[in-house]
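K.L.:
structure of the sequence below:
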Amino acid sequence: MRSKVLLVEDEPALAAALADNLEGEGYVVEVAPDGPTALARWADWNPDLVVLDVMLPGVNGLQVCQRMRALGHTTPVLFLSAKGAPEERVEGLRVGGDDYLAKPFHLPEFLLRVKNLLRRRAEAPMAYEFGGHRIDFRSWTVHLKDGRKEALSEREMAILRLLIERAGEVVSRDEILDRVWGQEVFPSSRTIDNFVLRLRRIFEPDPAHPVHFHTVWGVGYRFTPEPEFTSKEPA
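P.N.:
Reported below is the predicted structural model:
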């Protein structure tokens, strides 16, 4: 099945050129010229990737991404912008973008970034189960063992996904900071501790004595899908 790309760009010549090249690579492309149209087409068309210009009339690209993430849409986003300063890139990642390409850019690099984002989306698991709980990565929703449902925030889901990817291994706080917040943003390690505490309150039978989300003192955390019954560690 051909991947669907929503291209949001208000410069007609650039939009036409990018659309032609994306279609030449085998993608199905729709073009939206402004923020309100992008919001409507993203919701209705359910694309596999959104290429999103930052400077848009009506609603800018950052606002478009932030609004759709708040509604639970996890479609990968590649930001395009004439602003390429580190703080601009950080802001794009902060609101939920997956990649950021400054204008002017080389077409082969653009097409490669599109290909890589779509490949990562295809390889990413849609759901994960442990301890009687089920995590839906598409909707950022957790179906708990006792029948309750919990909605996770963007960073809660990002930390959870990283720990699941590295199940059984120790993941350092530095790696969590790098993967979840980015290299240009530096929250305190206590911020990470608070996010993990929230995950414990959601998933652990006894958050004070975790069996899934273990603290490795002075280093980071280790996720264990199957409880270790030999002893209970304090939180």
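K.L.:
avg pLDDT for the longest helix seen in the chain?
P.N.:
Criterion DSSP state H: the longest helix present in the chain is helix 107-123. Summarised as a single mean, pLDDT over helix 107-123 is 88.
K.L.:
helices or strands up against that helix?
P.N.:
helix 12-24, strand 49-53, strand 77-81, strand 99-102 (3 or more C-beta pairs under 8 Å, 6 or more residues apart in numbering; DSSP states H and E). From N, CA and C alone the C-beta is placed, and that goes for glycine too.
K.L.:
Serialize those to a markdown table and add fields for mean pLDDT, mean neighbour count and distance to Val216.
P.N.:
Converted to a markdown table, these look like this (pLDDT from 0 to 100; neighbours: other C-beta atoms under 10 Å; distance: least, C-beta to C-beta, whole Å):
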| stretch | mean pLDDT | mean neighbour count | distance to Val216 |
| --- | --- | --- | --- |
| helix 12-24 | 97 | 14 | 44 |
| strand 49-53 | 97 | 27 | 36 |
| strand 77-81 | 94 | 24 | 33 |
| strand 99-102 | 92 | 18 | 31 |
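K.L.:
still on that earlier bit, now the element after the longest helix of the chain, going C-ward?
P.N.:
Per DSSP states H and E, helix 107-123 leads on to strand 127-130 as the next helix or strand towards the C-terminus.
K.L.:
so, low pLDDT: which residues of the protein?
P.N.:
Residue ranges of the chain with pLDDT under 70: 72, 123-125, 182-188, 228-235.
K.L.:
show me where the protein has helices.
P.N.:
12-24, 35-45, 61-70, 86-94, 107-123, 154-165, 173-176, 189-203.
K.L.:
list the contacts of the longest one.
P.N.:
Spelled out, that is helix 107-123. With C-beta atoms under 8 Å, 6 or more residues apart in numbering as the test, helix 107-123 has contacts from 3, 5, 18, 21-22, 25, 27, 48-49, 51, 75-76, 78, 98-99, 101.
K.L.:
with distance to Leu177 added, can I get the helices and strands packed on helix 107-123 in a markdown table?
P.N.:
Rendered in a markdown table, the data for these read as follows (distance: least, C-beta to C-beta, whole Å):
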| stretch | distance to Leu177 |
| --- | --- |
| helix 12-24 | 34 |
| strand 49-53 | 25 |
| strand 77-81 | 21 |
| strand 99-102 | 18 |
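K.L.:
returning to that earlier point: how about the longest helix of the chain: buried residues?
P.N.:
Within helix 107-123, the residues that qualify as buried are 110-111, 113-114, 117-118, counting by 16 or more other C-beta atoms under 10 Å.
K.L.:
once you drop chain neighbours, what's closest to Leu18?
P.N.:
Leu7 (5.9 Å; C-beta to C-beta, 6 or more residues apart in numbering).
K.L.:
Arg198 reaches Glu156, doesn't it?
P.N.:
Yes - in terms of C-beta atoms under 8 Å, Arg198 counts as a neighbour of Glu156; the distance is 6.2 Å.
K.L.:
can you get me a residue count around Arg148?
P.N.:
Arg148 has 10 neighbours, counted by other C-beta atoms under 10 Å.
K.L.:
if we can go back for a sec, tell me the one of the contacts of helix 107-123 nearest Asp146?
P.N.:
Closest approach between those and Asp146, by C-beta to C-beta: Thr75, at 30.7 Å.
K.L.:
contacts only, for the closest one.
P.N.:
Contacts for Thr75 (C-beta under 8 Å, 6+ apart) come out as 42, 46-50, 68, 121.
K.L.:
for those residues, which one is nearest Val219?
P.N.:
The closest of the contacts of Thr75 to Val219 turns out to be Arg121 (C-beta to C-beta; 31.0 Å).
K.L.:
and that closest one, how close does it get to Arg198?
P.N.:
According to C-beta to C-beta, to the nearest Å, Arg121 and Arg198 sit 26 Å apart.
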